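A.B. asks: Predicted model and sequence follow; I will ask about them next.
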Amino acid sequence: MRLSAFLGLVLLLPVALTGCSRSLEAPMDPGVCWHLVTDSSGKPKFNRLSDHQPDLEHCAAQLEIMRLSFRSLGLTQDNVTGAYQGQFQFLQREGVFTAQTYNGYRYPFMVRTGDGRLAIPGAMPQGQ
């Protein structure tokens, strides 16, 4: 009986420890726009993309410029992840989404126009 209890504890220990692991947090540096990448060991790493960004929208623009520059070099990656003052940004084909946590619910922040540019949803004229 003691052996089976010990084996059960040993098998459950890794599961219990994964629940205690730290979640990924976005950097809080004021005005800094970050690009999130995965290094060669599979760990997430934030690379400083630009400084002195006044808001989330300007950071999204910097991430979009970076994405377009990479595409001009032949990279076909459409999704880019970044961060600004503790918030995650996810650039996708449909637009830009934000979230407080990496795995949290993603809220639409900017949408793509018919020609592929990014715009704030309320700024787009409605069709008649």
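C.D. replies: Okay, I see it.

A.B. asks: residue ranges for the helices of the protein, please.
C.D. replies: 2-19, 56-72 (DSSP state H).

A.B. asks: Which residue comes closest to the residue nearest the centre of the chain once chain neighbours are left out?
C.D. replies: What sits nearest the mean C-alpha location of the chain, by C-alpha atoms, centre = their mean, is Thr81, with 3.5 Å. Leaving aside its sequence neighbours, Thr81 sits nearest to Leu36 (C-beta to C-beta, 6 or more residues apart in numbering; 4.3 Å). C-betas here are computed from N, CA, C, even on glycine.

A.B. asks: for the residue lying closest to Tyr84 once chain neighbours are set aside, what are its contacts?
C.D. replies: Closest residue in space to Tyr84, ignoring its immediate chain neighbours: Cys59 at 4.0 Å, by C-beta to C-beta, 6+ apart. Contact partners of Cys59, counting by C-beta atoms under 8 Å, 6 or more residues apart in numbering, are 33, 49-50, 53, 82, 84, 89.
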